[in-house]
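Chemist: Provided below for reference: sequence and predicted model.
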Amino acid sequence: MGDQPSLSQGGMSSAGSTHPVGVQTPKLAPQDKKVLCSAVCYCSSTPNTSVDGKSLKQNCVSQRLGELNEVLQGRSPYRPEVSYDMTKNPPQPTLDSQTGTGSHGWIPGWISKYWEQDPEHPPFKPGRGMIRRPDVVIVTDPNKPPTQDNIKQVVEMKFPPDPPNQDQADAYAIIAGGKSKMVQMSSTECDCSKQEQDSKVPVEQLGWAAAIASALMFIITKGRSPRPSMPVPAY
């Protein structure tokens, strides 16, 4: 899928020229934002920490979404930190050979086994953008791998003061199949006080996507929230 134009076209002026109406910035669907904000709000207040005491908020989000996928038995549409081989067209996800849909857990091992043994691959050079790992890939069908034809959106998350990275965003748009499917999300977009309130809504009143958010709340509250009984998703 190619890039969508960022400007919608208005009517013709008397001189025959068109007037752009406005820039359309890709956004998350409300249910997707609810799920991701559930993780963001938890990790903003309770981040992972490194051995030297640094706050690892993005790492925390990735871990929570990974646990969500385990609870959903691999059926979560939210795939954290999937690595992509950017030398392929379109970029190809580095998949676990056993599941066929999940990301490979050890990229140096994948490079050694698959990249370096493939005569069609150029020599691997670290730091050249040959491998890219988006923060979150949202897939259309969770039962299929996160290839471009199954990508709903690619999400780049930012926690202040981490600035936007244009090279990164451009690469993620290539992975997604167009700029219209690449979303830059800041943690400041999440209303974390509202997230806390929403977590108390009975799961029976929620749809599939909202129930996923409830399942994530069950994980991050270590079982203090009700464990949801997941409805069957409709694709």
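Modeler: Alright, I've got the coordinates. Owing to the predicted nature of the structure, the values given are computational and were not obtained by experimental measurement.
Chemist: show residues contacting the strand ranked longest in the chain.
Modeler: Criterion DSSP state E: the longest strand present in the chain is strand 151-158. Outside of strand 151-158, the residues within contact range by Cβ atoms under 8 Å, 6 or more residues apart in numbering are 26, 28, 32, 36, 40, 58, 61, 77, 134-140, 164-165, 168-169, 172-173, 175-177, 181-187. To be clear about C-beta, it is placed using only N, CA and C from the backbone, and glycine gets the same treatment.
Chemist: this structure: strands as residue ranges?
Modeler: 7-12, 18-23, 48-49, 55-56, 78-80, 84-85, 92-93, 131-132, 136-139, 151-158, 182-186.
Chemist: which one of these lies closest to Q117?
Modeler: strand 84-85 (13.5 Å; Cβ to Cβ).
Chemist: sheet partners, orientation included, of the closest one?
Modeler: strand 92-93 (antiparallel), strand 131-132 (antiparallel) (DSSP bridges).
Chemist: which other residues reach it?
Modeler: For strand 84-85, the external contacting residues (Cβ under 8 Å, 6+ apart) are 91-94, 115, 130-134, 175.
Chemist: could you do stretch 159-178 as well?
Modeler: Here stretch 159-178 has contacts from 1-4, 40, 44, 57-58, 84, 86, 90-91, 129, 132, 134, 137, 148-149, 151, 153-154, 156, 158, 179, 181-182, 184, 186-188, using Cβ under 8 Å, 6+ apart.
Chemist: now the buried members of those residues.
Modeler: 40, 44, 57-58, 84, 86, 90-91, 132, 134, 137, 148, 151, 153-154, 156, 158, 179, 181-182, 184, 187 (16 or more other Cβ atoms under 10 Å).
Chemist: please enumerate the helices of this protein.
Modeler: All helices of the chain, identified by DSSP state H, fall at 30-45, 57-71, 107-110, 166-176, 192-198, 208-220.
Chemist: for the closest residue in space to L56 that isn't next to it in sequence, give me the pLDDT.
Modeler: Once flanking residues are discounted, L56 sits nearest to N48: 4.1 Å by Cβ to Cβ, 6 or more residues apart in numbering. At N48, the model reports a pLDDT of 77.
Chemist: quick one: contacts for N48?
Modeler: Neighbours of N48 in contact, by Cβ under 8 Å, 6+ apart: 55-57, 59-60, 63.
Chemist: could you measure from it over to V137?
Modeler: Computed with Cβ to Cβ, to the nearest Å, the distance linking N48 and V137 is 21 Å.
Chemist: and for P123?
Modeler: 27 Å.
Chemist: cool, P164 as well?
Modeler: In terms of Cβ to Cβ, P164 sits 19 Å off from V137.
Chemist: over to T49?
Modeler: For T49 relative to V137 (Cβ to Cβ), the value is 26 Å.
Chemist: before we move on, back to that, between which two of the contacts of N48 is the distance greatest?
Modeler: S55 and Q63, at 13.7 Å, using Cβ to Cβ across these.
Chemist: which one's more surrounded, those two?
Modeler: With neighbours defined as other Cβ atoms under 10 Å, S55 and Q63 compare such that Q63 has more, 18 against 14.
Chemist: in space, what's closest to the more buried one - neighbours in sequence excluded?
Modeler: Nearest non-adjacent residue to Q63 (Cβ to Cβ, 6+ apart): N48, at 6.7 Å.
Chemist: same question, E116
Modeler: E116's closest residue in space is F124 (Cβ to Cβ, 6+ apart), at 6.8 Å.
Chemist: list phi and psi for that neighbour.
Modeler: Main-chain torsions, F124, degrees, to the nearest 10: phi -70, psi 130.
Chemist: who are the contact partners of it?
Modeler: Contact analysis of F124 by Cβ under 8 Å, 6+ apart lists 111, 115-116, 130.
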